[in-house]
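Peer 1: sharing a model that was predicted from the sequence below.
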Amino acid sequence: MQTPLLSHDFLRRLDRLRLASNEPARGHLKGLHRANRTGPGMEFADFRPYASGDDLKSVDWRAYQRLEKLFVKLFVEEADLPIYIFLDTSASMGVGSPSKFEFGRKTAAALAHIGFVNMDRVNLIAVAEGIVQERSGLRGKNQSWPAFEFLQRLECGGKTSFEAAFKRYFAVPRAKGLIVVISDYLDPAGFEPGLRMLRNLRQDVLALQVISPSDFELAAVDSEVVLVDAEDAGESRLHITAALMQAYRQEFDAHCAAISAYCDKNGWGHVRAMTDMQIEALVLHALRKEGLLR
Amino acid sequence: MKFLAFSPLAAYALLATVALLIVLIYRLKRRPLRIRVASNLIWRTLETNHRPAPDRWRWWLSLFLALFTGLSIALALTRPQAPALGGFARRVVLVLDTSPSMAARGEDRVSRWDHAVERASRIISSAGLAGEVMVLDTTGHAGTPDWLSRESALAKLRDLAPGTAGVARMPLVPAGDDIEVHLLTDGVAQLQVAPRTAVESVFTPADNVAISAFDARPSLQDPTRYQALVQVFNASVRPKQIQLLITGENGAALERSFNLSAGATLNQTLDVTGFDGNLRAEVHTQGDGFALDDVAYGVVAPHRVKRVLLVTAGNRQLRASLAQLPGVALTVITPPQYRPAPDYDVNVFDRFAPVELPTRGALLFRPPPVTWLPAFGGVVTNPVISRWDASHPLAINVPWQGVHLQKAALAKRSVRDTQTDVVLALGSSEGVLVAAGEPASRDNRGARWITVGFALDDSNLAVQSAFPVFLGDALAWLTDGGAILTRGLGSVEIPYANGKVTGSDGRAVAAIRIPGATVFNAQRPEVFTVASNAGTARVVANVIDPQTSDVNRSRFAGETVSVAPSLNLPRFRFEPWVVLLALAAALLAFEWLAYTRHRTV
């Protein structure tokens, strides 16, 4: 029997949260997010003159008594939010202990559960060089366990190519929603081509960068090493020195800062998560602090 | 390439072994640690930005450094000879002519010796850093021949100087195919040069005016007057105006000026009666390039009349000979008339001897046996003179080999230090023919005696031309006016045992005492005084050798010598092994910085 991805206690605490999006919900089903259209809802939006065929229950009779004209009350429609959770399953995510993939899988499970609780339409997509697996259109609380099962079946491997994956996934029309990208962003082609595509699609993006301590720290200082790339098995023969490690850390920090700057520039959310931190701390504190969860 | 510490085969084997070991060690280096990382994306960016040295290149560089270091150390052990680092080592024998003429200076005022030293220095410098040099000279002043390093050879060269006397001879030089022999000479000395010897001329024409002869003697006509004979020799290649100056110890001086053509000599007889003691003659001329022979010394002895008492029964020949001696006032008496008296400087006894030793000097011909004379050894007929002491003042000027005897009384050989057996003759056995005696104490200066074992009419001595000289020498020795000996420069041997030598300025001169004689070294013209129990002698040391003064009589005359350029020492002043070790140390330091300190990444 597999170990559950998330504990019951943690799931209960997630029930009170919902994902925040900068864009109005574009779902077609009833949900808990404000849509940018009027319709059935609880929140008053406007009046308009009665027209033939309008439901008489929406006529404002008090206005008729004062003005002797029929007006219909309009309400902000509450729709569901399409959530696309892209989980990087490339080989680079399998590095570290605990692995970035394991951490990313739990994060994806937590976010998916929040979406289910809020009646959002959750799409789980495992990506590497392309679409590895996907589970689309999940909605409702009862979908958590199938989603968790889907995530637990995933295995990491292959190379990273966001551009190829997004191009493939968005080749068919998709409703606008919230795109969550859980990855280490170590795309050999760079992170920008993939994210640029999401920007062109005018999607709201939450970039969640998973970092393992082994990404910026090597135990073998003052020795010659062969660094083997987990994805393409490419080798780099280097003599690791303290100075070189320092330069590497600076370069890695610059890489992370570039991702953060790119997201900020596009008004996207960005969170950097270390694999040695608790998943609860990430979801309940870090994401809430950033305003990505409410 | 040549190696000094290893045979070529062993050296190459060592180098190959070291290289092989280093390569093997490098091949045995552990493989680098393989680390799986999420991505090489950042590392590759870093490689691009920081341009780290490719590891393979670093490996080859490290191997090269290790090979270079190891081979440098190994090569240093073999002590190689590299032309680029100071030339090949050669074995060079340098023979420097140290005859006096090498001190002559040419018109450039640089002596032939200086030219020779400079040339020798260049030869030594070009012998290679590991070269071996043997420095020899022609007068034996260079000491024990030995192979020296370049520095030691240069130091030995600096210690050498031209001699002032002695005969120059080509020294024995080691033979060998790898040995170069260089002779640096001015060609004045006649040297027997070996066939494979490279002769380099340092001859430069030099002006030289010399005193080639100088002596002071009493006048033959009037012994109370003294004369100095001076011979001046112009050894220059051009006429010279010469100034001759003679000074006495009492301040008297004489000066003459004259012109002398090239190669000519001038004899001058000068009256030096008014002079006393040491006499110094010196010549001056413009541009003189050889100072050694510009000065000569003589001695003006006390020249008062000697009072001589002849005790004879009527030996007219002896009487006449004594009477003809210059500076002698002769008194003749018969033996019965003889009474000991201090009124005479010398007593001459013919076939007579007083019972007591006279208080003044005594010369006895065929004396009867008395106690104070050597023990009587018997009368022999037709004795043959077997040998004589040529260094004794009494024997110096007499050709004893030409003296024939009919009959003589020979004395027994001396067993006393105070007696000298001057002439020995063979009868039935060898006995003393002429003996000279000293008093036990020098306080009694007149108590010297000379006994001659034959009568003048029993020999042909009286008809010898040297007989008056013998008488004069005998009177001089007996009156102890002090012998005046003339010698050349260099080693001087005086027949005075345990003599103490002083210079003309009173300084002590180092002397070697050998049995019966004293030897010292006269470096320059001077009057030395040798004092011993046997007497006091003044030794006049002069060059007085026309061959020494003739400094232009060279077989290289007519050739010119170019002034040697300044020394062209090799750029590297160390042997290659030192350079190699320094290089190895530098490479080790570089390797440490580059790899241990990781400065290459």
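Peer 2: Ah, there it is.

Peer 1: who in the stretch 51-200 of chain A is up against chain B?
Peer 2: A:92-93, A:95-96, A:100, A:184, A:186-188 (CB under 8 Å from any CB of the partner chain). (C-beta placed from N, C-alpha, C; glycine too.)

Peer 1: can you list those residues in CSV and add distance to B:F454, pLDDT and secondary structure?
Peer 2: Shown next, in CSV, are those (distance: CB to CB, whole Å; pLDDT from 0 to 100; DSSP: H, G, I helix; E, B strand; the rest coil):
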residue, distance to B:F454, pLDDT, secondary structure
A:S92, 137, 92, helix
A:M93, 141, 92, helix
A:V95, 135, 87, coil
A:G96, 136, 84, coil
A:K100, 140, 92, helix
A:D184, 139, 92, coil
A:L186, 136, 90, coil
A:D187, 140, 90, coil
A:P188, 136, 88, coil
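
Peer 1: farthest pair in these?
Peer 2: Greatest spatial distance in these: A:G96 and A:P188, 18.6 Å, computed using CB to CB.

Peer 1: the two - which one has more neighbours?
Peer 2: For the pair A:G96 and A:P188, the greater number of neighbours falls to A:G96 (23 against 17), based on other CB atoms under 10 Å in any protein chain shown.

Peer 1: what sits closest to the more buried one if chain neighbours are left out?
Peer 2: Counting by CB to CB, 6 or more residues apart in numbering or on different chains, A:G96 lies nearest to A:S212, which is 2.8 Å off, once chain neighbours are set aside.

Peer 1: separation between that neighbour and A:T275?
Peer 2: Noted for A:S212: a distance of 5 Å to A:T275, by CB to CB, to the nearest Å.

Peer 1: swap in B:V299?
Peer 2: From B:V299 over to A:T275 (counting by CB to CB), the distance is 120 Å.

Peer 1: can you check B:T265 too?
Peer 2: B:T265 is 119 Å from A:T275, by CB to CB.

Peer 1: so between the two, which is more surrounded?
Peer 2: A:T275 (22 against 14).

Peer 1: strands along the stretch 51-200 of chain A, start to end?
Peer 2: Along the stretch 51-200 of chain A, counting by DSSP state E, counting those that start in this stretch, strands occupy A:71-79, A:82-88, A:121-127, A:131-138, A:178-183.

Peer 1: pipe the ones you listed into CSV and attach mean pLDDT and mean neighbour count per row.
Peer 2: Compiled in CSV, those are given as follows (pLDDT from 0 to 100; neighbours: other CB atoms under 10 Å in any protein chain shown):
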stretch, mean pLDDT, mean neighbour count
strand A:71-79, 75, 19
strand A:82-88, 92, 27
strand A:121-127, 93, 26
strand A:131-138, 89, 16
strand A:178-183, 92, 27
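
Peer 1: how about the closest residue to chain A within the stretch 301-450 of chain B, nearest residue that isn't a chain neighbour?
Peer 2: Across the stretch 301-450 of chain B, no residue is closer to chain A than B:S391, which sits at 91.5 Å (CB to the nearest CB). Using CB to CB, 6+ apart and skipping the chain neighbours, the partner closest in space to B:S391 is B:P495 (3.5 Å).

Peer 1: I'm done for today, thanks for sticking with me.
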